[in-house]
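1. build me a model:
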Amino acid sequence: MRFDVITLFPELFGPFLAHGINRRAFESGQVDVHLWNPRDFAEGNYRRVDDRPFGGGPGMVMMAEPLWRCLQAIRAERAEAEGQRAPVVLFSPVGERLDHAGVEAWAAGPGGAVLVCGRYEGIDQRFIDACVDRQLSLGDFVLSGGEIPAMALLDAVARLQPGVLGDEGSHQQDSFNPALDGLLDSPHHTRPEVWQGPHGPLGVPPVLLGGHHGQIERYRREQRLALTARQRPDLIARARAEGRLGPDDERFLRGLG
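-> Now for the predicted structure:
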């Protein structure tokens, strides 16, 4: 799938695309990333892409015309038919919250998207109204630009591609995954069996050392339930509404008090 990223800072993506496990997806073209700088489509000697907001106020606003010209060049290179255009996505605080279900949908889709990374005080609303199909947010906070959210989406999509992770089943154990009924993942432990921590020795839960797979799985299930009930009770409510919790789960949750 192809993602075209409109950004004033394409150099930020270089290290991200070249390092880490997910680079396999980028190098193989499973997730094909193209970077576009709207400054290359601006007019004048200074290639200006922003100006002061009408009506006054602080900051600068990205201009619609360079973004539009950049988008036209992307569409020409993608050679898409009118009814088959990839969606244009803007990262914005007003957007819908990106979640695991959304990432899975992006990862399964063939067409990718055009990702618009805003900067400064924002983007001319006329470009948003005329060209943007969807707005996404990472949460209720404001970043300096859309590059970090774009990398977050690309990272999340890339790790779901076949062969990217060392173990094909790794992402099935991720928090929010339907394979875990939408719960948070359980805590993990590794060697040594006893760690001399800052407040004294800390051991691994004995059940994880016993080799009884049924007991281990039940322990992990209970840990997921306990962690989710404590940190994200909304996910417990959703799993309950969707019928994902069994009698043993409900009994355990009642025992948490």
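
2. contacts, neighbours, all on C-alpha from now
-> OK.

3. helix or strand for Pro93, which one?
-> strand 88-97 (DSSP states H and E).

4. and the next helix or strand past that strand?
-> In N-to-C order, the element after strand 88-97 by DSSP H and E is helix 100-108.

5. hmm, back to that, for the strand holding Pro93, list every residue counted as buried.
-> Neighbour-count burial for strand 88-97 flags Val88, Val89, Leu90, Phe91, Ser92, Pro93, Gly95 (criterion: 16 or more other Cα atoms under 10 Å).

6. now do the phi/psi pair for the closest residue in space to Ala64 that isn't next to it in sequence.
-> Spatial nearest neighbour of Ala64, excluding adjacent residues (Cα to Cα, 6 or more residues apart in numbering): Phe127 at 5.2 Å. When read as degrees, to the nearest 10, the backbone of Phe127 gives phi -70, psi -40.

7. residues in contact with Phe127?
-> Ala64, Leu67, Trp68 (Cα atoms under 8 Å, 6 or more residues apart in numbering).

8. repeat that for 10 Å
-> Residues near Phe127 by Cα atoms under 10 Å, 6 or more residues apart in numbering: Met62, Met63, Ala64, Glu65, Leu67, Trp68.

9. Ala229: which of the residues you listed is nearest?
-> Met62 (43.1 Å; Cα to Cα).

10. would you check that the closest one makes contact with Gly122?
-> Yes - the pair Met62 / Gly122 is scored as a contact, 6.2 Å apart, by Cα atoms under 10 Å.

11. need the buried residues of strand 88-97 in CSV (columns: pLDDT and distance to Asp4).
-> What follows is the buried residues of strand 88-97, written out as CSV (pLDDT from 0 to 100; distance: Cα to Cα, whole Å):
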residue, pLDDT, distance to Asp4
Val88, 98, 9
Val89, 98, 10
Leu90, 98, 12
Phe91, 97, 14
Ser92, 95, 17
Pro93, 93, 21
Gly95, 96, 19
